[in-house]
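J.: model this:
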Amino acid sequence: MENESKTSNRMAIGIALGIAIGAAIGVATDNMGVGVGVGVAIGVGLGTVWSQASNND
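T.: Modelled structure (predicted):
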């Protein structure tokens, strides 16, 4: 149960960071829609990597 909570937290942190990065990209390119979409994709990728890394420990 505790492991699932850590996995969800890491995924949420990854998505939040990805959205922040994507928003910055969107502002820089003057295209928020694409920036946020790219940010969510980056965030899911980061969250997945961090979750799998914690499961291997």
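
J.: Name the residues of the lengthiest helix in the chain that come out as buried.
T.: When the chain is scanned for its longest helix (criterion: DSSP state H), the result is helix 2-29. Residues of helix 2-29 classed as buried: 7, 10-11, 14-15, 18-19, 21-22, 25-26 (neighbour count, 16 or more other CB atoms under 10 Å). Yep, even glycine has a C-beta here, placed from its N, CA and C like the rest.

J.: and the closest residue to Gly26 other than its chain neighbours, what pLDDT?
T.: Spatial nearest neighbour of Gly26, chain neighbours left out: Gly35 (2.1 Å); criterion: CB to CB, 6 or more residues apart in numbering. Listed pLDDT for Gly35 reads 94.

J.: What is the helix or strand hosting Gly35 packed up against?
T.: Secondary structure from DSSP states H and E places Gly35 in helix 32-56. Here helix 32-56 touches helix 2-29, going by 3 or more CB pairs under 8 Å, 6 or more residues apart in numbering; DSSP states H and E.

J.: now the helix it packs on and helix 32-56, what's the angle there?
T.: Relative orientation of helix 2-29 versus helix 32-56 (axes from the mean of the first three to the mean of the last three CA atoms, to 10 degrees): 150 degrees.

J.: Show me the shaky parts of this protein.
T.: 1-4, 6, 57 (pLDDT under 70).

J.: In contact with the residue positioned nearest the centre of it: list those residues for me.
T.: With distances taken as CA atoms, centre = their mean, the chain has Gly43 as the residue nearest its mean C-alpha position (1.7 Å). Residues in contact with Gly43 (CB atoms under 8 Å, 6 or more residues apart in numbering) are 14-19, 21-22.

J.: Identify, from those residues, the entry nearest to Ser54.
T.: Using CB to CB, Gly14 is the member of these that lies nearest Ser54, at 11.7 Å.

J.: Apart from its chain neighbours, what residue comes closest to the closest one?
T.: Take Gly14 and drop its neighbours on the chain: the residue closest to it by CB to CB, 6+ apart is Gly47, 2.8 Å away.
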